[in-house]
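> give me the fold of what follows.
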Amino acid sequence: MYHGRVFVGGIMQGSIQEMAIHGQNYRARISDLVRRRYPGVEIVDPFVLHPNSVDYDRAQAIETFLAMLDEAARADVLIAFLPEASLGTAAEIWRAYAAGVPVYVLSPMVHNWMLWATATRILEDWETFEAFVAQGGLEPHFTRA
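Below you'll find the predicted structure:
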């Protein structure tokens, strides 16, 4: 059994200009991979915590966004899915990085300076990410019971 907190960040609104979100299926895929390899870790997933956040009013959205930044800073590991740029995910990454939380980014943006500066590692595709998790890449960040 492993103990630790994994914050799963990723693109929600991206560059969508209306009140809508991208598909969120990647969150379950990441969570399942991590739980399979590291049973017992806690997954903190903003979408699971706030599945109807796209309907929040401005005050509730701001409160939720800031609370999720705090959660990112309290995690043992942050995993972010970024198929394209996302302001919210960038803020989560920055907050985690500033708090000393290791940041693993699943993204084809392997030449992005912000990711170079903040990510512990950029994993360019699902195959690379899955192999990294399966081979124990996150283990140094968890305790074992």
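> where do the helices of this protein begin and end?
For the chain, the helices defined by DSSP state H occupy 25-37, 46-49, 58-74, 87-98, 113-118, 126-134.
> Glu18: which of those helices is closest?
helix 58-74 (14.3 Å; C-beta to C-beta). C-betas here are computed from N, CA, C, even on glycine.
> pull out the buried residues from the closest one.
Residues Phe65, Met68, Leu69, Glu71, Ala72, Ala73 are the ones in helix 58-74 that count as buried (16 or more other C-beta atoms under 10 Å).
> let's have these in a markdown table, adding pLDDT and distance to Gly40.
As requested, these are exported to a markdown table (pLDDT from 0 to 100; distance: C-beta to C-beta, whole Å):
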| residue | pLDDT | distance to Gly40 |
| --- | --- | --- |
| Phe65 | 96 | 29 |
| Met68 | 97 | 23 |
| Leu69 | 98 | 25 |
| Glu71 | 98 | 19 |
| Ala72 | 98 | 21 |
| Ala73 | 98 | 22 |
